[in-house]
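Undergrad: my questions are about this predicted structure, shown below with the sequence.
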Amino acid sequence: MGMSSSFLVTFVGILVLVILIQAKGQQGFISIDCGEAGVNYTDSLYGINYVSDAHFINTGVSGTISSEDIKRRSSQRQMWRLRSFPEGKRNCYKISVTGGSKYLIRTTFLYGNYDGRNLLPEFDLLLGPNSWDTVTIFNASTDETNEIIHVPSLDFVQICLVNTGNGTPFITAIELRTLKNKAYVTQFGSLELYNNWRCDLGSNIGYRYSYDPYDRFWLLCDFMEDWTRINASIPDDSLNQIEEPPAIVMSTAVEPANDSAPLVISWEPEHETDQFYVYMHFKEIQVLTTNQTREFNVMLNATELWFPNCSPRNCRTLYSTSALSGKELKFSLERTEKSTLPPIINAIEIYRVIDLQKPETFQEDVDAITTIKSVYALTRDWQGDPCAPLAYLWDGLNCSYHRNHSPRITTL
């Protein structure tokens, strides 16, 4: 993927994440340790309650990463084990949720040479009948994560791993977090976190739960030589933003080293037709004197005035109300004539739109065929949605397909 040098993100396998070890509520959390044999526990680093995946799937084989990788992850028990799927084309987890609620769904993959073969696999990831992403393992000791913000239409989600002939699929952890429905609003589609770009600008440490009650990963971003870090301590109750970035994230910011220079964030999408939603978070963390003013315009691709006359006090969070696309997306924060101070930005989130509009099979048909499978103890490769996508139609079934309507099972 092409990427502008003005915005590079360093995402290391072992994230340096600082966690406040305090018992806080985990309402709306579903944290699944894949491959863990029927044991529930609270992990020592994050204080998150994990459960075994035994009740969410009935296929696959448990595995353990290498002893060297366990030593590297000694305080991350949820990374020690995994579930692999040497048999079957598609294998799926079925997880109960609240239909119509907004969820952050995160999958984690750490190969860790669990099979002793040191062969790095590649496989597809589905959310229900829809393609989510392709998982490519580049390093045995580095974890890969996929994260999406999605509103399920049913009272369950199915997360499926598909064997594409490039190695055995596996998964290490699945985490779901309930979000506020009024946050991260889109015109259509779900939001995939792009390149792990949920950035705590100005910080040298990454954060997640319990600093963030929604357990979002706020990662370090590699700022440029012409950026300067600033920081201050701010109270939790000083923020009033729908997306609720944590106070500790908002206590740092960057500004251009040259006071008169713009602050530029840009990237080149892999595909010009890719669509993005961007969330910029602002908070004034310096005490300004009566003769100091911080105000700036946010320009998009040099010519479009995206937001005028912004100050960190009145802008707080700027976001795109419709999806953005183009060969390059370049945001430039430029001080206004009356401003005595350069622009700042505290944090940024960048999401790519994913169209997950393929409907699931008609629910009464699903219930009927699931009952047949259970009563007759059928061991066929029947995983995930019975009819969709068509490439993974259950063996022995015939389905009818009508545009924008749920597929129907016609014969068995």
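TA: Received the coordinates, thanks.
Undergrad: show me where the stretch 151-300 of the chain has its strands.
TA: For the stretch 151-300 of the chain, the strands defined by DSSP state E, counting those that start in this stretch occupy 156-166, 170-171, 173-179, 190-200, 206-207, 219-220, 227-231, 252-256, 263-267, 276-281, 296-300.
Undergrad: of those, which is nearest residue 402?
TA: Closest of the strands of the stretch 151-300 of the chain to residue 402 is strand 156-166, at 21.5 Å (criterion: CB to CB). (Each C-beta comes from the backbone N, C-alpha and C, glycine too.)
Undergrad: quick one: buried residues of that closest one?
TA: Under the neighbour-count criterion of 16 or more other CB atoms under 10 Å, strand 156-166 has 157, 158, 159, 160, 161, 162, 163 buried.
Undergrad: how does this structure divide into domains?
TA: Domain assignment for the chain by automatic domain parsing gives 24-179, 193-354, 363-411.
Undergrad: and residue 186, which of those is closest to it?
TA: Minimum separation from residue 186 across the domains of the chain (CB to CB) falls at domain 193-354, 6.1 Å.
Undergrad: next, the distance between the ends of that closest one.
TA: Using CA to CA, to the nearest Å, one end of domain 193-354 lies 10 Å from the other.
Undergrad: re the thing from before, out of the domains of the chain, which is closest to residue 185?
TA: With CB to CB, the closest approach to residue 185 among the domains of the chain belongs to domain 193-354: 8.3 Å.
Undergrad: what mean pLDDT does that closest one have?
TA: The average pLDDT within domain 193-354 is 93.
Undergrad: grab the nearest non-local neighbour of residue 301.
TA: Nearest non-adjacent residue to residue 301, counting by CB to CB, 6 or more residues apart in numbering: residue 330, 5.3 Å away.
Undergrad: so what's the one you found bridging to?
TA: Assessed by DSSP bridges, residue 330 has beta-bridge partners residue 266.
Undergrad: mind listing the helices for this structure?
TA: Using DSSP state H, the helices of the chain run over 67-72, 247-250, 312-315, 363-375.
Undergrad: what's the residue lying farthest from the centre of the chain in contact with, if anything?
TA: Distance from the centre of the chain peaks at residue 291, with 42.1 Å (CA atoms, centre = their mean). By CB atoms under 8 Å, 6 or more residues apart in numbering, the contact set of residue 291 is residue 340.
Undergrad: ok, it to residue 340 distance?
TA: Separation of residue 291 from residue 340 (CB to CB, to the nearest Å): 7 Å.
Undergrad: equivalent analysis for residue 36, please.
TA: 57 Å.
Undergrad: more neighbours: those two, which one.
TA: More crowded of residue 36 and residue 340, by other CB atoms under 10 Å: residue 36, with 22 against 13.
Undergrad: dump the residue contacts of the more buried one.
TA: Neighbouring residues of residue 36 by CB under 8 Å, 6+ apart: 50, 52, 53, 62, 78, 81.
Undergrad: buried residues, stretch 212-232. List them.
TA: Neighbour-count burial for stretch 212-232 flags 212-221, 223-224, 227-228 (criterion: 16+ other CB under 10 Å).
Undergrad: mind listing what's buried along stretch 352-365?
TA: Neighbour-count burial for stretch 352-365, counted by 16+ other CB under 10 Å, picks out 352, 353, 354, 356, 358, 359, 360, 361, 362, 365.
Undergrad: I'd like those residues laid out as CSV, including distance to residue 404.
TA: As requested, the buried residues of stretch 352-365 are exported to CSV (distance: CB to CB, whole Å):
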residue, distance to residue 404
352, 24
353, 19
354, 18
356, 14
358, 10
359, 7
360, 13
361, 14
362, 13
365, 17
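Undergrad: for residue 391, state which of those residues is nearest.
TA: residue 358 (11.7 Å).
Undergrad: pretty sure that closest one sits against residue 126.
TA: No - the criterion here is CB atoms under 8 Å, and residue 358 misses it with residue 126 at 9.9 Å.
Undergrad: between these two, what contacts are shared?
TA: Common contact partners of residue 358 and residue 126 (CB under 8 Å, 6+ apart): residue 389.
Undergrad: contacting residues for residue 284?
TA: Neighbouring residues of residue 284 by CB under 8 Å, 6+ apart: 294, 311, 312, 313, 344.
Undergrad: so who does the third one touch?
TA: Under the criterion of CB under 8 Å, 6+ apart, the contact partners of residue 312 comprise 282, 283, 284, 294, 344, 346.
Undergrad: ranking those by neighbours, who comes first?
TA: residue 346 (28 neighbours).
Undergrad: in space, what's closest to that residue - neighbours in sequence excluded?
TA: Nearest residue to residue 346, sequence neighbours excluded (CB to CB, 6+ apart): residue 253, at 4.4 Å.
Undergrad: would you mark the buried spots in stretch 78-96?
TA: Of the residues in stretch 78-96, 78-85, 88-93, 95 count as buried by neighbour count, 16+ other CB under 10 Å.
Undergrad: and the strands in the stretch 301-412 of the chain?
TA: For the stretch 301-412 of the chain, the strands defined by DSSP E, counting those that start in this stretch cover 304-310, 317-319, 329-335, 347-354, 398-400, 408-411.
Undergrad: re the thing from before, packed most tightly, which of the strands of the stretch 151-300 of the chain would that be?
TA: strand 170-171 (a mean of 26; mean count of other CB atoms under 10 Å).
Undergrad: sheet partners, orientation included, of that one?
TA: Applying DSSP bridges, you get strand 81-84 (antiparallel) as the partners of strand 170-171.
Undergrad: which residues does the partner strand contact?
TA: Against strand 81-84 from outside (CB under 8 Å, 6+ apart): 33-36, 53, 57, 60-65, 109-112, 114-115, 168-172.
Undergrad: buried subset of the residues you listed?
TA: Among these, those buried by neighbour count (16+ other CB under 10 Å) are 33-36, 53, 57, 60, 62-63, 65, 109-112, 114-115, 168-172.
Undergrad: before we move on, back to that, so which of the contacts of residue 36 sit within strands?
TA: Taking DSSP state E as the definition of strands, those contribute 50, 52, 62, 81.
Undergrad: how much space between the residue nearest to the last one when sequence neighbours are not counted and residue 112?
TA: In this structure, residue 81 finds its nearest non-sequential neighbour in residue 35, 3.7 Å apart by CB to CB, 6+ apart. Here residue 35 is placed at a distance of 11 Å from residue 112 (CB to CB).
Undergrad: ok, back up a step: and the furthest pair within the ones in strands among the contacts of residue 36?
TA: Using CB to CB, the ones in strands among the contacts of residue 36 reach their maximum pairwise distance at 50 and 62, which is 14.7 Å.
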